[in-house]
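Undergrad: could you work out the structure for the sequence below:
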Amino acid sequence: MTGQPPTTILLRNARIVFPERAAKASLLIHEKHIARIVESDTKPEADSIVDLEGLTLFPGFIDVHIHGAVGVDTMEASAADLNRVSEFLATQGVTGWLPTLVPGPVADYSRAIKAIEEGSNLKTGARILGVHYEGPFVNSAQCGALRSQFFRTYSGTSDVSDLPVLPVDGGKHMMTLAPEIDGGIELTRELTKRGWVVSIGHTRADFDLLNKAFEAGAHHMTHFMNAMAPLHHRSPGPVAWGLLHDEVSCDVIADGVHLDSNVLQLLLKTKTARRLMLISDSVIAAGLGDGDYKIWGETISVRDRRTSNEKGSIAGSVISMLDAVRMMKSQGASEMELAQMASTNPARLLGIDHDCGSIEEGKRADLVAMDRDGNIQLTIVGGNVIRLPNRSQ
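TA: Model (predicted):
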């Protein structure tokens, strides 16, 4: 079932994951929002009724770091390509995402931003919420799979003004940067002043510099522990800093490749779900399987769900947010913790938690229903049913 939603939809008999608890209840959706939560036998009138008996309803997942999927690379995609990704993401429980760009020429950025602008107007899958620049202001010593020939330093506001922005009302802008590059603190301050979300990543910064970056507005860390100086007992760097500071949130690639499952358990225990976020960091191979793929000017090989570039470095992931949720569930995360890491925290990071990221009256009807085996049975984006296997009555 696709297309325009009825005026009202009643979702009945689901186990609903609220911010602090899970309980069986019903939701009345009016147009794009949750109009009423019903925890009784009351059956409000609705244009359409969907029985979710046996399913658990989560807030829709939000992926703030994704380079592509199903053969589409965000740096080269058309609006139609991005819409194909949005449709795929909806089948994985994602209701909002940030196409993520890697360092490249300004002309490539401009083309990508134009496609994202056009794609944000398409309504057949997960919403495009904005854009995430991963770089170009990062440390070449921690480049990971990024193309270091396009890395930059910061010398003034023109270096930010050169980056194309998304001319969409409410569109979010996020940047991953390394504060130790020349001008890194000034860059952080300038981006924060312009309303950008600043995240620390691809970095070897020390405590003093990281503290200055925090004061300048950087309160988040990108794919924590990956592409940053490792933890050392005599040289505490970004990992130790991120672990120690409760005011700092961290996102992780929970695929069992980027971080060992025991490390995921450690982070869940130390940072807790209140300060952890899930991302996919997926590339074009996500949803396609093993093989060799051309991306960012080189060949990326995928074998047994692990990516590898020509230097042998991990080059993004092939998971979805659903895979990450399943992984964290296997590490002992509760339903409320899963909702927090996959939905609430990303919404808070982007400053849209007043409108989405949790199941509460008045918020957008961005929802995903899962069965006991962790399979998606229903995705709703702004009241619009994206996937519905024979549950209307």
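
Undergrad: what about residue 181, distance to residue 165?
TA: 21 Å (C-beta to C-beta, to the nearest Å). Bear in mind the C-beta positions are built from the backbone N, C-alpha and C, glycine included.

Undergrad: more neighbours: these two, which one.
TA: residue 181 (21 against 16; other C-beta atoms under 10 Å).

Undergrad: OK, contacts around that one?
TA: The contact partners of residue 181, by C-beta atoms under 8 Å, 6 or more residues apart in numbering, come to 137-139, 151-154, 187.

Undergrad: I'd say residue 374 and residue 326 touch.
TA: Yes. Contact criterion C-beta atoms under 8 Å: residue 374 and residue 326 qualify, at 5.1 Å.

Undergrad: neighbour-wise, which of these two wins?
TA: Remark: of residue 374 and residue 326, residue 326 carries more neighbours, 18 against 14, as counted by other C-beta under 10 Å.

Undergrad: state the mean pLDDT of stretch 343-359.
TA: Confidence for stretch 343-359, expressed as mean pLDDT, is 98.

Undergrad: before we move on, what about stretch 13-21?
TA: Mean predicted lDDT for stretch 13-21 stands at 96.

Undergrad: so, low pLDDT: which residues of the stretch 251-393 of the chain?
TA: Low-confidence segments of the stretch 251-393 of the chain (pLDDT under 70): 387-393.

Undergrad: which stretches of it form strands?
TA: Remark: strands assigned in the stretch 251-393 of the chain by DSSP state E, counting those that start in this stretch are 276-279, 291-295, 298-303, 306-308, 367-370, 376-381, 384-387.

Undergrad: what about residue 291, how many neighbours?
TA: Neighbour tally, residue 291, other C-beta under 10 Å: 10.

Undergrad: what bridges to it?
TA: residue 302 (DSSP bridges).

Undergrad: residue 302 is in contact with that one, correct?
TA: Yes. Residue 291 is in contact with residue 302 according to C-beta under 8 Å; the separation is 5.9 Å.

Undergrad: quick check: neighbours shared by those two?
TA: residue 285.

Undergrad: need the contacts of residue 181 in a markdown table with neighbour count, distance to residue 29 and secondary structure, can you?
TA: Below are these laid out as a markdown table (neighbours: other C-beta atoms under 10 Å; distance: C-beta to C-beta, whole Å; DSSP: H, G, I helix; E, B strand; the rest coil):
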| residue | neighbour count | distance to residue 29 | secondary structure |
| --- | --- | --- | --- |
| 137 | 26 | 42 | coil |
| 138 | 28 | 42 | coil |
| 139 | 23 | 46 | coil |
| 151 | 18 | 46 | coil |
| 152 | 18 | 45 | coil |
| 153 | 12 | 49 | coil |
| 154 | 20 | 45 | coil |
| 187 | 28 | 42 | helix |
